[in-house]
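**Q** Provided below are the primary sequence and the corresponding predicted coordinates.
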Amino acid sequence: MEPRVGVGAVIVNADGEWLLLQRKRSPEAGCWSIPGGKVDWMETIEEAIVREVKEELGVVVQLERLLGVTNHRLREENAHWVAPTFQASILEGVPYNVEPEKHEAVRWIHPDDWPPNVTETTKAAYRFFKG
């Protein structure tokens, strides 16, 4: 298998809470994650993250800055993702679970209150965010 290109968005509200989704599917089923997904053919990473957030959460975001790039390898799930992660802010809409077949829940959660089962990409995003 070859690595796949994904994207992620860190969306933080005024109270410092992060917008997270609880995954239903592999990789990392049951874990809490920042929104994101795969880059489609001939799509820029910026276009991909704006599209993915709209598809998952029903909101339009503005990208603020590139936080970092995760090289995420899950041998037990036969997955390897290279994923740039952006900080973004909501321009339009109120987030909700647009894809209940893919996500169990959507919540604003402060990093101090994160459950232990957050994805490796979310942990990396937090390290990037804290700088």
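**A** Ah, there it is.

**Q** Mind naming the longest helix for the protein?
**A** As assigned by DSSP state H, the longest helix anywhere in the chain is helix 45-57.

**Q** quick one: it to chain centroid distance?
**A** When distances are taken as Cα atoms, centre = their mean, to the nearest Å, helix 45-57 is centred 10 Å away from the chain's centroid.

**Q** And for stretch 19-34?
**A** On Cα atoms, centre = their mean, the centre of stretch 19-34 falls 9 Å from the chain's centre.

**Q** Distance of the residue lying closest to Asn78 once chain neighbours are set aside relative to Glu77?
**A** Spatial nearest neighbour of Asn78, chain neighbours left out: Met1 (6.3 Å); criterion: Cβ to Cβ, 6 or more residues apart in numbering. Using the backbone N, CA and C atoms, a C-beta is placed for each residue, glycine as well. Distance of Met1 to Glu77, computed by Cβ to Cβ, to the nearest Å: 11 Å.

**Q** What of Thr70?
**A** 15 Å.

**Q** So if I had to pick from the two, which one is more boxed in?
**A** Thr70 (23 against 11; other Cβ atoms under 10 Å).

**Q** Give the buried residues for the one helix or strand the more buried one maps to.
**A** Taking DSSP states H and E as the criterion, Thr70 maps to strand 60-74. Within strand 60-74, the residues that count as buried by 16 or more other Cβ atoms under 10 Å are 61, 63, 67-68, 70, 72.

**Q** which of the residues you listed lies closest to Tyr126?
**A** Among these, Leu67 lies closest to Tyr126 (Cβ to Cβ), at 9.5 Å.

**Q** Please work out how many residues are found near the nearest residue to the closest one once chain neighbours are set aside.
**A** Distance criterion Cβ to Cβ, 6+ apart; nearest residue to Leu67, sequence neighbours excluded, is Phe128 at 3.8 Å. Using other Cβ under 10 Å, Phe128 has 19 other residues around it.
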